[in-house]
Structures are given as C-alpha cells and as structure tokens.
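K.L.:
Fold the stuff below for me.
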Amino acid sequence: MTDATNTSPQHPDVPPTPPAPDASSPAAPPYAPPAYPQAPPYGHPQPTAAPAYGQPQYQGQQYQGQPYGQPAYGQPGHGYAVAPARPTNVLAIISLVASIVGLTIIPFLASIPGIITGHMALKQLKTSGENGRGMALWGTILGWIGAGFWLLLLVIWLVVVIGLAATASSVGQYS
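P.N.:
Here you go, the predicted model:
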C-alpha cells in the first residue's frame, strides 16, 4: 500500500500514516495533546517494533537462571541426575564400635568381636562397593591393639604371680 506522499509499504495491521502537513495549512495549536495511535482490539496481535541496531529478535522462551541456593544439577530437565549415596557397611561400624569398647569399657572381650567383624567387613567391601573401608580398617587395628595390650598385661601378671609363688615357697623352706 503506497500513496503519493508515502512511498514505503505499510503493515496490514497498522493504520496508514496521515500525509505530512503543507506549509499553507494552519499548524496545530501548542496546547493540543499529541495524537497516540489507537490500540488494536483485544485478541488481535500488536505489531512488533523492529529490533534496535539490526539485532535479531528471538521469539523463544527466555532463559530463567536458577535462583540463589538452588543447584541446577539433579533437577528435572537438566540431562543428568545425582547418584545416590553409597551405604556404609554395617560390619565396619560394628567393628569400630566393638574395638573402642574393647579398649575402654570391656577389656579384651569386646576386642575379639572387633577383630572378627573388621576382617569380615574388609572382605565384604572388596566386592560390595559400599563405604566404610576406613572404619573396618581402624576397627581391625584397634581390636588387635586392644587384644594385644590385654594379652601383654595378662602375661606380665602371670609372670609376677608365678615369680611370687616361687619366692614364697622358697622362703618358707629355710626358716
């Protein structure tokens, strides 16, 4: 659509622009409000303005970044999920607890289950893929330390008792 005064084509939804005023026609009064274009009726699309400086205009959904404190991973639509945490081997926990109890509360008796469950846990951890290798290792080490300490004390006690018995029997003969 072109006319004699305007040689540029018009958009079909935009009303035609009025011709430029001639110098012979009277000018608009200075107090008159500017004429705004009429908004299209509800439901009709509005014409879009040309992008500034030749930038392309995108019609897709705009990227809405993650708000603070919300990790992007593991949420639907991000392409990958967070792997669940591996469980801890129960025998490793029992080994560590029993070995600590064997060193402190129940000497020697609790160290033996700590040693046994520690070795069983280490064997299971080779194939199961569970967590707890450090606990099983420390449970086994502390169990052996506790058992060795109490066995050493038992040996020392037996030597002292046998030594006292030998000296007591020899003292009684010569009096």
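K.L.:
Name the nearest residue to Gly102, sequence neighbours excluded.
P.N.:
What sits nearest to Gly102 in space, not counting adjacent residues and going by CB to CB, 6 or more residues apart in numbering, is Ser111, at 3.2 Å. For the C-beta atoms, the positions are set from N, CA and C on the backbone; glycine is no exception.
K.L.:
so what's that neighbour up against?
P.N.:
Applying CB atoms under 8 Å, 6 or more residues apart in numbering to Ser111 gives the contacts 98-99, 102-103, 142-144, 146-147, 150.
K.L.:
Filter those down to the buried ones, PyMOL style.
P.N.:
Applying 16 or more other CB atoms under 10 Å to the contacts of Ser111, the buried members can be selected in PyMOL as follows:
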select buried, resi 98+99+102+103+142+143+146+147+150
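K.L.:
I'd like to know which of the contacts of Ser111 are part of helices.
P.N.:
98-99, 102-103, 142-144, 146-147, 150 (DSSP state H).
K.L.:
would CSV of those residues with distance to Arg133 be doable?
P.N.:
As requested, the ones in helices among the contacts of Ser111 are exported to CSV (distance: CB to CB, whole Å):
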residue, distance to Arg133
Ala98, 17
Ser99, 15
Gly102, 20
Leu103, 21
Leu142, 15
Gly143, 16
Trp144, 17
Gly146, 20
Ala147, 21
Trp150, 26
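K.L.:
Let's have those residues in a markdown table, adding distance to Val171 and pLDDT.
P.N.:
Shown next, in a markdown table, are those (distance: CB to CB, whole Å; pLDDT from 0 to 100):
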| residue | distance to Val171 | pLDDT |
| --- | --- | --- |
| Ala98 | 45 | 97 |
| Ser99 | 43 | 96 |
| Gly102 | 39 | 93 |
| Leu103 | 39 | 91 |
| Leu142 | 43 | 96 |
| Gly143 | 42 | 96 |
| Trp144 | 40 | 96 |
| Gly146 | 37 | 94 |
| Ala147 | 36 | 93 |
| Trp150 | 31 | 90 |
